[in-house]
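S.K.: My questions concern the predicted model and sequence given below.
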Number of protein chains: 2
Amino acid sequence: MEKILIEALGLVAATLTTLSFLPQVIKTYKEKCARDLSTWTLICFFIGVIMWLIYGFMIPSFSLICANLVTTILAGILLVFKFIYRSKDSNTI
Amino acid sequence: MEKILIEALGLVAATLTTLSFLPQVIKTYKEKCARDLSTWTLICFFIGVIMWLIYGFMIPSFSLICANLVTTILAGILLVFKFIYRSKDSNTI
């Protein structure tokens, strides 16, 4: 029973951290401005989740694959936004 | 050998995704502006990593605890910044 509760906690945690980037994608798309988002954070995070995805395929772990596939897509969209809306930015670091 | 390589990949992935928030913290601190950061993303992500941290203590997993402790601190700082620099923001959603 306790084990199920612990795994449920992990599942909720994974869902929250994965879907947490959705409001950022929506906000950035609506406002067409990503000036305050760090380019280095987006690049490092994007590479990191791609590596988690490869790791998920290699172990293999279905949960890791699903969670990181969604996060890779959302982080990738944010990275694209950062470059698309670059012209509006005065500082892109 | 292959197993070591896979675990090394996971370790690099964990380091990248964990430390990726450091440039964002530095940028936001320097510019004193967090207007483009989504409040919902910060809140959901912060709660999510705290749950990962508790999960790490429960399984228990030293790697999960370390990675999520650092991420919790960085995400917490960003959340505090979002509210501190609120007065500068015209849109805080």
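M.R.: It's in.

S.K.: Run a quick neighbour tally on A:Pro60.
M.R.: By other C-beta atoms under 10 Å in any protein chain shown, 9 other residues sit near A:Pro60. Quick note: C-beta positions are derived from backbone N, CA and C, even for glycine.

S.K.: Mind pulling the model confidence for it?
M.R.: pLDDT recorded at A:Pro60 is 89.

S.K.: swap in the one 3 residues further on?
M.R.: The predicted structure scores A:Ser63 at 86 on the pLDDT scale.

S.K.: Without its sequence neighbours, what residue ends up closest to it?
M.R.: A:Ala14 (6.6 Å; C-beta to C-beta, 6 or more residues apart in numbering or on different chains).

S.K.: What's the separation between the one you found and A:Phe81?
M.R.: Computed as C-beta to C-beta, to the nearest Å, the A:Ala14 to A:Phe81 distance reads 24 Å.

S.K.: Equivalent analysis for A:Asn68, please.
M.R.: 20 Å.

S.K.: A:Met58 too?
M.R.: 30 Å.

S.K.: do A:Tyr29 as well
M.R.: For A:Tyr29, the distance to A:Phe81 equals 7 Å [C-beta to C-beta].

S.K.: of these two, who's got more company?
M.R.: Between A:Tyr29 and A:Phe81, counted using other C-beta under 10 Å, the more crowded position is A:Phe81 (20 against 14).

S.K.: Surely the more buried one and A:Ile26 touch.
M.R.: No: judged on C-beta atoms under 8 Å, A:Phe81 makes no contact with A:Ile26 at a distance of 10.8 Å.

S.K.: quick one: low-confidence parts of chain A?
M.R.: Along chain A, segments meeting pLDDT under 70 span A:1, A:87-93.
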